[in-house]
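A.B. asks: The following comprises the amino acid sequence and a computationally predicted model.
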Amino acid sequence: MLNPLRAGLIVSCQAPVDSPLHHPDIIAAIAAAAVKRGAIAVRIDSPEHIAAVRQRVSVPIIGLWKQVIPGSEVYITPQFHHAQAVAEAGADVIAIDATQRPRPGDETLADLVHQIHTELRQPVMADIDTLASAQAAVAAGAEVLGTTLYGYTPDTQTCKPPGFELLSDLVGKFDVPCICEGGIASPAAARQALDRGAFAVVVGTAITGIDILVQQYCAALSLG
């Protein structure tokens, strides 16, 4: 399942909840367009969107489900029942928050990875923010590491993606595939990630983030 991802582009096809693009059919069309132009996989949020994308593409889907749970900052596929819904919708790889922040309920990171492996028989992409969280994720059995949450947690709040230095550390320390995700804003940056040893590169906003990109352009134009 992971070999086809090597040295390729994974496009994250997502949209804000209040966006007109936040509809399964539209997300599926965006994913299909990305695959038609060369993406070797897509990263999709929520079972409904994953199911729609699965009908349109045959490439691997990295699935997740963002859920806000009171009392916890962990929101990317935080619990097993979220992972189960993602798998049943058609995802091939389950992405989870693997930071060291307090998790909701009594389920530990190791518990979650173990259940995904034994009950769903799916590989896990651990979205991490630091070398310490990567170490814990690998110890728990995650097959893939992603720099997804670098710059988005209290431990990395002063850091700005992309996490190239973290990526280099991950590649040097672990034998599992390390995917660079977050802050890749140009083809040159994607190439740089591969040159630093990334197994593959995920690009989201720079390709599919119409809402935020338009806001940024409009904000820049209004400065004058």
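C.D. replies: Received the coordinates, thanks.

A.B. asks: gap between residue 39 and residue 70?
C.D. replies: 35 Å (CB to CB, to the nearest Å). The way it works is simple: take the backbone N, C-alpha and C, and place the C-beta from them, glycine included.

A.B. asks: Looking at these two, which is more packed in?
C.D. replies: For residue 39 versus residue 70, the count of surrounding residues by other CB atoms under 10 Å is larger for residue 39: 22 against 5.

A.B. asks: Please tell me I have it right and that one contacts residue 12.
C.D. replies: No. With contact defined as CB atoms under 8 Å, residue 39 does not reach residue 12; the gap is 9.9 Å.

A.B. asks: show me where this protein has helices.
C.D. replies: Under the criterion DSSP state H, the chain contains helices at 24-36, 47-54, 80-89, 109-115, 131-140, 164-173, 187-195, 205-208, 210-222.

A.B. asks: can you redo the ones you listed as CSV with distance to residue 100?
C.D. replies: Formatted as CSV, the helices of the chain follow (distance: least, CB to CB, whole Å):
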stretch, distance to residue 100
helix 24-36, 31
helix 47-54, 27
helix 80-89, 19
helix 109-115, 8
helix 131-140, 5
helix 164-173, 14
helix 187-195, 24
helix 205-208, 26
helix 210-222, 28
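
A.B. asks: Ok, which of these comes nearest residue 153?
C.D. replies: Checking these against residue 153 by CB to CB gives helix 131-140 as the closest, at 8.5 Å.

A.B. asks: Off-centre distance for the closest one?
C.D. replies: The chain centre lies 16 Å from the centre of helix 131-140; the measure is CA atoms, centre = their mean, to the nearest Å.

A.B. asks: just the angle between it and helix 164-173, please?
C.D. replies: Angle of helix 131-140 versus helix 164-173, following axes from the mean of the first three to the mean of the last three CA atoms, to 10 degrees, is 40 degrees.

A.B. asks: Which strands or helices does helix 131-140 pack on?
C.D. replies: Contact analysis of helix 131-140 by 3 or more CB pairs under 8 Å, 6 or more residues apart in numbering; DSSP states H and E lists helix 109-115, strand 124-127, strand 144-146, helix 164-173 as its packing neighbours.

A.B. asks: Local confidence estimate at residue 71?
C.D. replies: On pLDDT, residue 71 comes in at 90.

A.B. asks: What count of nearby residues applies to the residue nearest to it when sequence neighbours are not counted?
C.D. replies: Counting by CB to CB, 6 or more residues apart in numbering, residue 71 lies nearest to residue 104, which is 6.7 Å off, once chain neighbours are set aside. Number of residues near residue 104 (other CB under 10 Å) recorded here: 15.

A.B. asks: Could you do the one 3 residues further on as well?
C.D. replies: Other residues lying near residue 107 total 14 when counted by other CB under 10 Å.

A.B. asks: again, but for residue 22
C.D. replies: 16.

A.B. asks: Could you do residue 219 as well?
C.D. replies: For residue 219, the neighbour count with other CB under 10 Å is 9.

A.B. asks: rewinding a little: for the residue nearest to residue 71, which residues are in contact?
C.D. replies: For residue 104, the contact set (CB atoms under 8 Å, 6 or more residues apart in numbering) comprises 69, 71-72, 74, 78-79.
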